[in-house]
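Undergrad: Generate coordinates for the sequence data below:
(4 chains)
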Number of protein chains: 2
Amino acid sequence: MTTAGTTGEDRLDAAFIALADPTRRAIVARLARGDATVSELAAPFAMTLPGISKHLKVLERCGVISRTRHAQFRPCHLEAGALDAAVGWIEESRRAWSERFDKLDAHLRDLQRGPAADQAGTAGG
Amino acid sequence: MTTAGTTGEDRLDAAFIALADPTRRAIVARLARGDATVSELAAPFAMTLPGISKHLKVLERCGVISRTRHAQFRPCHLEAGALDAAVGWIEESRRAWSERFDKLDAHLRDLQRGPAADQAGTAGG
DNA sequence: CTCGTACTTAACTTGACAGTTAATTAACCA
DNA sequence: TGGTTAATTAACTGTCAAGTTAAGTACGAG
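TA: The predicted structure is shown next:
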């Protein structure tokens, strides 16, 4: 089913890559509590301003945050919706995963009732 | 409050990094439908076997998959629980995010009722 | 014990990214 | 007009991850 995955792959890529970095995750977590300027975001992270600026660009490019202008300040705003895709993907995988166990469970129950001419071979590929 | 985030950071890192790669995500999706051998996993991915092997190692190291031995086959098994942390983290961020808007909402309602001696100063850092 | 299959390890190339310092833009203040 | 603060861009470096080929390991079949 690789064909089904083509749509929105880039978006998922971006979302997960954005969250794969601990600094960016911390930024997102902080932003979840309220908007903040670049300097405010940089303060707790033993990192230079340009470093933070780059991370913000990554987050902005994949739609996780948006930025406006307020005098010389550039407050960052979290766009939580961008993370929906990431959660959705994982949830979908888990759904399929548990569904599989539901089937296995039913199968095992079936075997217990009447272990006829069936065999638990490898899942048919 | 960066100190609060120290615990389990590595684990989250690993989970998100694992999912940040489209090939690995495809492997996880396939594994969600049932266990598979390395060759079976490699087949649809225009990539050499060692390449897949590396990806599997990444997934294994962060607990997303586990591997057993069956003759010369090495069937891979998805451990869905490892993704819980990733989902949990995002959900937590979203919770804080929406909570913030609930507060803002209440504040605005408050202002409409009696805009007395209170002023909407900048949000406290 | 030799051969084929399934997979891993080793060694290497390539490319992207995190982080730095230095210079630049943009807005406010005097 | 010049100076300060806020933030970005530019240029560079070190590191790490992804992918390759080639060789090695482990197991079963004959």
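Undergrad: Could you pick out the longest helix of chain A?
TA: helix A:84-113 (DSSP state H).
Undergrad: Is any residue of it near chain B?
TA: Yes. Residues of helix A:84-113 contacting chain B under C-beta under 8 Å from any C-beta of the partner chain: A:Ala86, A:Val87, A:Trp89, A:Ile90, A:Glu91, A:Ser93, A:Arg94, A:Ala96, A:Trp97, A:Ser98, A:Arg100. No exception for glycine: its C-beta is placed from N, CA and C like everyone else's.
Undergrad: So which of the residues you listed wins on neighbours?
TA: Neighbours here mean other C-beta atoms under 10 Å in any protein chain shown. Within these, the largest count is held by A:Ala86, at 24 neighbours.
Undergrad: Ignoring the adjacent residues along the chain, who's closest to it?
TA: Distance criterion C-beta to C-beta, 6 or more residues apart in numbering or on different chains; nearest residue to A:Ala86, sequence neighbours excluded, is A:Ala15 at 4.2 Å.
Undergrad: contacting residues around the one you found?
TA: Going by C-beta atoms under 8 Å, 6 or more residues apart in numbering or on different chains, A:Ala15 touches A:Cys62, A:Val64, A:Ala82, A:Leu83, A:Ala85, A:Ala86.
Undergrad: Would you quantify the distance from it to B:Ile27?
TA: In this view, A:Ala15 and B:Ile27 are 18 Å apart by C-beta to C-beta, to the nearest Å.
Undergrad: What is the neighbour count of A:Gly51?
TA: By the criterion of other C-beta under 10 Å, A:Gly51 has 13 neighbours.
Undergrad: Please apply the same query to A:Asp105.
TA: The number of residues near A:Asp105, taken as other C-beta under 10 Å, comes to 11.
Undergrad: Per-residue pLDDT of it, please?
TA: pLDDT for A:Asp105: 73.
Undergrad: Mind putting the residues of helix A:84-113 next to chain B into JSON lines with distance to A:Gln72 and pLDDT?
TA: Output for the residues of helix A:84-113 next to chain B, formatted as JSON lines (distance: C-beta to C-beta, whole Å; pLDDT from 0 to 100):
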{"residue": "A:Ala86", "distance to A:Gln72": "33", "pLDDT": "92"}
{"residue": "A:Val87", "distance to A:Gln72": "36", "pLDDT": "92"}
{"residue": "A:Trp89", "distance to A:Gln72": "39", "pLDDT": "93"}
{"residue": "A:Ile90", "distance to A:Gln72": "40", "pLDDT": "92"}
{"residue": "A:Glu91", "distance to A:Gln72": "42", "pLDDT": "92"}
{"residue": "A:Ser93", "distance to A:Gln72": "44", "pLDDT": "91"}
{"residue": "A:Arg94", "distance to A:Gln72": "46", "pLDDT": "89"}
{"residue": "A:Ala96", "distance to A:Gln72": "50", "pLDDT": "89"}
{"residue": "A:Trp97", "distance to A:Gln72": "50", "pLDDT": "86"}
{"residue": "A:Ser98", "distance to A:Gln72": "51", "pLDDT": "85"}
{"residue": "A:Arg100", "distance to A:Gln72": "55", "pLDDT": "78"}
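Undergrad: Isn't A:Ile65 up against A:His77?
TA: Yes. Between A:Ile65 and A:His77 there is a contact at 6.2 Å, judged by C-beta atoms under 8 Å.
Undergrad: Excluding covalently adjacent residues, which one is nearest to A:Val87?
TA: Closest residue to A:Val87 apart from its sequence neighbours, by C-beta to C-beta, 6+ apart: B:Ile90 at 5.2 Å.
Undergrad: Return the residues in contact with that neighbour.
TA: A:Leu19, A:Leu83, A:Ala86, A:Val87.
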